[in-house]
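> Attaching a predicted model along with its sequence, questions to come.
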Amino acid sequence: MPEGRGMSDHQQGIEARELDELGSALSEAIDCSVTYRSYELYGKPAFTCKHGLVFPKFAIKGAMALDDWSAILAGHRQSA
């Protein structure tokens, strides 16, 4: 850990990198721009696309882990 930085700063850096990775993967998968919202949906952090659709962080992590974006793509196609 860099000198002068606390564990909290280090953890925030890891979280920011994870959010960047998740947002990039989602945007690429649905071919639509997305933003991370600091509000929480049912206690879960979420991304929104330019059409206003909400994608919970846990759903994006699951799609990445399984390498299966079909449910997310289907939802986006129906609503966009």
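Yes, it's here.
> where do the strands sit along this protein?
34-41, 44-49, 54-56 (DSSP state E).
> what residue ranges in the protein are flagged as low confidence?
1-11, 38-42 (pLDDT under 70).
> re earlier: would you format the strands of the chain as CSV with distance to Gly23 and mean neighbour count included?
Backbone N, C-alpha and C define where each C-beta goes, glycine included. Putting those into CSV (distance: least, CB to CB, whole Å; neighbours: other CB atoms under 10 Å) gives the following:
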stretch, distance to Gly23, mean neighbour count
strand 34-41, 5, 13
strand 44-49, 6, 17
strand 54-56, 10, 18
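> Same list, the ones you listed, but as JSON lines with distance to Ala63 please.
Shown next, in JSON lines, are the strands of the chain (distance: least, CB to CB, whole Å):
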{"stretch": "strand 34-41", "distance to Ala63": "13"}
{"stretch": "strand 44-49", "distance to Ala63": "12"}
{"stretch": "strand 54-56", "distance to Ala63": "9"}
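> Looking at those, spot the one closest to Gly13.
Of all the strands of the chain, strand 34-41 sits nearest to Gly13, with 15.2 Å by CB to CB.
> so what's Gln63 up against?
Residue 63: Ala, not Gln. Counting by CB atoms under 8 Å, 6 or more residues apart in numbering, Ala63 touches Ala25, Ala29, Trp69, Ala71, Ile72.
> Look up the closest residue to the fourth one, ignoring the ones flanking it.
Sequence neighbours aside, Ala63 is the residue nearest to Ala71 in space, at 7.4 Å (criterion: CB to CB, 6 or more residues apart in numbering).
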